[in-house]
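Engineer: what would the 3D arrangement of this be:
(2 chains)
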Amino acid sequence: MARLLDVRNLETRFYTQDGVVHAVNGVSFHVDEGETLGIVGESGSGKSVTVLSIMRLIPSPPGKITNGEVIFEGRDLLKIDEEEMREVRGNRIAMIFQDPMTSLNPVLTIEQQITEALELHLGMNHQQARRRAIELLKMVGIPAAEQRIDNYPHQFSGGMRQRVMIAMGLACNPRLLIADEPTTALDVTIQAQIVELVKRLRDEIGMAIIWITHDLSLLAGLADRIIVMYAGQVVESAPTADIYRNPRHPYTIGLLQSIPRLDEKRRERLAPIEGLPPDLIDYPQGCPFAPRCRFAVERCFEEDPPLEKVGPEHEAACWVKPVGQEVLAAWRAAVLES
Amino acid sequence: MTKYVIRRLLWAIPVLFAVGTVTFFLARALPGGPFDFAGDRSLPESVVRNLERKYNLDWPLWKQFLAYWWDLLRGDLGPSFRSRSLTVNDIIKQTFPVSFQLGMLSLLLGLAIGLPAGIIAALNHNTWLDYTSSFIAILGVSIPNIVLGPFLIWLFGVKLGWLPVARWGADYTEFYLGFIPPMTAKFWRHAILPTITLGTALSASIARLTRASLLQVIREDYIRTARAKGLRERSIILGHALKNALIPVVTILGPLFAAVVTGSFITEQIFGINGLGRHFVQSVTNRDYPVIMGTALLYAVLLIIANLVVDVLYAWLDPRIRYE
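Structural biologist: I've put the predicted structure just below:
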């Protein structure tokens, strides 16, 4: 498959009054045409800042992309001028956000908010844009789209608003859709509907997706590959099945252990990851996960491990790289004992 | 919406009654009376008695109160105790139009300068444009009219001799519809300096509010959504941010309108304008009860109308606000 997006060594900092926040620290990954990449990590792990950096939507000041390349369709998005970047945004790369309650403009109708991108990027006139907008609303499953298009966001429920956001994102047939925790603000049944909807649309339109979430279980049937982020770094990257079956980074293992499972016979207690993520202003020496890690050795506190190949398409940034199911069991036992 | 407006207007009746009642008794509660002095001398006891009898001030208070409302219902605001040849209706008819013109022009000037200045400052947040316009805005808010007015008179009236120094509206008596002035060069020449004097502070506060409100709205999620669509910064501000940001600005415009169109005591004094402003102040020191009542009720009526207009504008600005 052709390479669509190649992020290399991306580094984003926020220059605040309290100091420099090291939000994204040398992140590299790629997305192929039509592929779905999941990015997993807890709050503050830099996953949102990473994709906002790709879109060049980091509020600046205080934010600044200090290093790296974002090669999209053969061009480095960090080098083109603002005018060209606007041509990419909403057109080649679309983005949908976490909270559909606040991400739609409350004083504009749905029509106004969908058609503006169509008129801007595809040069449609108002009639064409309206017709296309109705089509899009039908596509994302909004009933009575012809009437609903003239409504305002507050007249929609949360799930319906996220559908509207998706319709907005898909308006110009983007090659890449970035979904920044699009289901986090929704309740579970609606979550499943939105995931199914995006999967269906992906297969119809053939776009690539970057799906950001803190919920590893959500990605199981959705993503082709997953990268796990911690403290602004990629700590593990692998095809989805490998992440679940054969995680090699202790943080990934910890995340998997904290997911409740319905397929296990005995009801076991969940094993949480103890401690807190590091302060990104006072960035730690060594591996940022080391203080919370049950496998940490001396070296982990001195040197930050690089991403290393541990299998075909599978990389992990860990000096120890624990292996196998017995490790999971050991981890669980250790956590529950303490 | 029509129903809502009608209901609000009906509600104005008890509000006005309350304002009138409180004002009536507050004014009477002030020590002293309207005929304590005539110029520097005090009047003889017998003259005061006669005057009080003439204006029914010897009646019991409740009877005076009812009589006032009875006259008011017939559109009669009563006589002025001080300017004995004039009724309160005359005073308002003569002075309100000029005050209204001055207030309206100042408010329009304030909006014409304040809105763009606030938007420019917010768009160029933390750049020299922002700092410059914020500095000018603070200057505009801080310089009192009593300094700015005489300075403008000195510069444009006395030194340069471009504009008349005072007496706006001294010659005209008739206005279209009672308050629209003739658009002559003479009118404008008289209007410029007082309008700038009163409008500067207004434009400065409108600019500051617009800037602050816009800066807050720009941080909203839906502005990020608009950016992610690839819209130009201009369309984002004008199409997505401004309507949201104007809500607080519109909120202050209601009371501000009522305040400026009923006259500015200081500006009118400086420019020798025969406006309503001084009657607010002097009627109280003179214990001129009917003028106190008349000005207070006029202010209340304007405030009620202005706030109603603001509420209707809300519904236009924010579709989440609907009145059944």
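Engineer: make it CA atoms for all contacts and neighbour counts henceforth
Structural biologist: OK.
Engineer: gap between A:P247 and chain B?
Structural biologist: The gap separating A:P247 from chain B is 34 Å, by Cα to the nearest Cα, to the nearest Å.
Engineer: let me redo that: A:R225
Structural biologist: 25 Å.
Engineer: what's near enough to touch that residue?
Structural biologist: A:36-38, A:237-240 (Cα atoms under 8 Å, 6 or more residues apart in numbering or on different chains).
Engineer: swap in A:I205?
Structural biologist: A:N173 are the contacts of A:I205 under Cα under 8 Å, 6+ apart.
Engineer: hang on, the earlier thing: got the contacts of A:R225 as CSV, with secondary structure and pLDDT columns?
Structural biologist: Conversion of these to CSV gives the following (DSSP: H, G, I helix; E, B strand; the rest coil; pLDDT from 0 to 100):
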residue, secondary structure, pLDDT
A:T36, strand, 93
A:L37, strand, 94
A:G38, strand, 93
A:S237, strand, 92
A:A238, strand, 92
A:P239, strand, 92
A:T240, helix, 89
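Engineer: was I right to think A:P284 contacts A:A290?
Structural biologist: No. Assessed by Cα atoms under 8 Å, A:P284 is found out of contact with A:A290, at 9.6 Å.
Engineer: which one's more surrounded, those two?
Structural biologist: A:A290 (23 against 17; other Cα atoms under 10 Å in any protein chain shown).
Engineer: quick one: pLDDT of the more buried one?
Structural biologist: You'll see A:A290 listed with a pLDDT of 86.
Engineer: just B:G178 next, same as before
Structural biologist: 67.
Engineer: same question for the one 4 residues further on.
Structural biologist: B:P182 is assigned a pLDDT of 72 by the prediction.
Engineer: what about the strands in the chain?
Structural biologist: Using chain A. Along chain A, the stretches classed as strands by DSSP state E are A:3-16, A:19-32, A:36-40, A:63-72, A:75-76, A:93-96, A:176-180, A:208-213, A:225-230, A:233-239, A:308-311, A:314-316.
Engineer: my bad, the chain I had in mind was chain B
Structural biologist: Going by DSSP E, chain B shows strands at B:37-38, B:41-42.
Engineer: tell me which of the ones you listed sits most buried.
Structural biologist: When those are scored by mean count of other Cα atoms under 10 Å in any protein chain shown, the highest mean neighbour count falls to strand B:37-38 (a mean of 12).
Engineer: and it, what's its mean pLDDT?
Structural biologist: Mean predicted lDDT for strand B:37-38 stands at 69.
Engineer: with stretch B:197-213 instead?
Structural biologist: 92.
Engineer: cool, and stretch A:168-181?
Structural biologist: Per-residue scores along stretch A:168-181 average to 89.
Engineer: mean pLDDT lowest for which of the strands of chain A?
Structural biologist: Across the strands of chain A, the lowest-scoring stretch is strand A:308-311, with a mean of 86.
Engineer: how about the strands of chain B, which one is nearest B:I192?
Structural biologist: When these are compared by Cα to Cα, strand B:37-38 sits nearest B:I192, at 36.8 Å.
Engineer: please parse chain B into its domains.
Structural biologist: Using automatic domain parsing, the domains assigned to chain B come out as B:2-73, B:88-317.
Engineer: quick check: which of these is nearest to A:D187?
Structural biologist: Closest among these, using Cα to Cα: domain B:88-317, at 20.3 Å.
Engineer: quick one: end-to-end length of that closest one, please.
Structural biologist: 39 Å (Cα to Cα, to the nearest Å).
Engineer: number of nearby residues for residue 128?
Structural biologist: Unless you meant another one, I'm taking chain A. 13.
Engineer: you looked at the wrong chain, it should be chain B
Structural biologist: 11.
Engineer: do the same with A:P322
Structural biologist: Neighbours around A:P322, by other Cα under 10 Å: 17.
Engineer: residue contacts, B:M104?
Structural biologist: Counted by Cα under 8 Å, 6+ apart, B:M104 has contacts B:257, B:260-261.
Engineer: ok so, going back, near chain B, which of the contacts of A:R225 show up?
Structural biologist: Checked against chain B using Cα under 8 Å from any Cα of the partner chain, those give no members in range.
Engineer: tell me the bridge partners for the residue of the stretch 201-338 of chain A at minimum distance from chain B.
Structural biologist: Closest to chain B within the stretch 201-338 of chain A is A:I210: 14.9 Å, counting by Cα to the nearest Cα. Beta bridges link A:I210 to A:L37, A:I178 when assigned by DSSP bridges.
Engineer: what's near enough to touch it?
Structural biologist: A:31, A:36-39, A:176-179.
Engineer: tell me the residues of the stretch 101-250 of chain A that contact chain B?
Structural biologist: So the stretch 101-250 of chain A meets chain B at A:102-108, A:117, A:120, A:152, A:154, A:169 (Cα under 8 Å from any Cα).
Engineer: farthest pair in these?
Structural biologist: Farthest pair in those, by Cα to Cα: A:L120 and A:H154, 25.1 Å.
Engineer: just the helices from the chain, written as ranges.
Structural biologist: Going with chain A. A:47-54, A:82-88, A:110-121, A:126-139, A:145-148, A:158-170, A:188-205, A:240-245, A:250-257, A:325-337 (DSSP state H).
Engineer: oops, I was thinking of chain B
Structural biologist: Going by DSSP H, chain B shows helices at B:2-29, B:45-54, B:61-73, B:88-123, B:128-142, B:145-152, B:185-218, B:221-228, B:233-235, B:242-261, B:265-270, B:277-285, B:289-317.
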